[in-house]
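sequence first, then the predicted structure, then my questions.
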Amino acid sequence: MTRWWWVRHGPTHQKALTGWRDVPADLSDTAQIARLMDHLPDAAVLISSDLQRAAATADAIQTKQHRLPHEPRLRELNFGIWDGMMFNDVAARDPELSRTYWEAPGDVRAPDGESWNDAAARAAQVVDALNDEGHSDIIAVAHFGIILTQLQRASGKTAYDTLAQPIDPLSVTELHHDAGVWNVASVNHIP
């Protein structure tokens, strides 16, 4: 069995859509980071998105884990030209498309961006490859959308239902994989 410990990066304090824009995380809550470190297994491999908010969070929580190279396929959803825009500005610019993007996630793409299914597929490539390597514990520091795509995979819920699930900064979502079968152990746990 492989236990996936999905950690959402530290808070960014961004009010606009933040996908592939490379903004820093606020890692000043050292008490919460210490609790997170205590909660995560030492005998694990540690991987993160290559965006600085995830990579810096991985640096902050790393103890004895073996660090793997940063992985661009674990980046947040690519919002294309919406990245950096406020939600109301996105809705004004693309009223029907933006509504469909959130209400019927799947193959709907943001302009010059990607769909939910695109992001899920690229993240699944990383997850499947690491599952095949036979690790017992994998800590993956990633983003709201990517964690949700993997939660959807493990839970079997629809993308729409999964999008309603909060994933807070510095929270842990634990998913188990055993011989092709996924189970959800915990979601949005804040140590």
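Received it, and whenever you're ready, just let me know what you need. Numbering: from 1, shown residues only.

mind listing the helices for the chain?
Using DSSP state H, the helices of the chain run over 30-39, 52-61, 87-93, 95-103, 116-132, 144-155, 159-163.

quick check: angle from the longest one to helix 95-103?
Between the axes of helix 116-132 and helix 95-103, defined by axes from the mean of the first three to the mean of the last three CA atoms, to 10 degrees, the angle is 30 degrees.

the second one too?
Using the same axes, to 10 degrees, the interaxial angle of helix 52-61 with respect to helix 95-103 works out to 20 degrees.

now do helix 52-61 and helix 144-155, the angle between them.
Orientation check (the same axes, to 10 degrees): helix 52-61 against helix 144-155 gives 70 degrees.

what helices or strands is helix 52-61 leaning on?
Secondary-structure packing of helix 52-61 (3 or more CB pairs under 8 Å, 6 or more residues apart in numbering; DSSP states H and E): strand 2-8, helix 30-39, strand 45-48, strand 137-142. All C-beta spots, glycine's among them, are computed from the backbone N, C-alpha and C.

hmm, who's touching it?
Contacts to helix 52-61, defined as CB atoms under 8 Å, 6 or more residues apart in numbering, come from residues 7, 9-10, 12, 22-25, 27, 33, 36-37, 40, 46-49, 67, 70, 74, 139, 141-143, 170.
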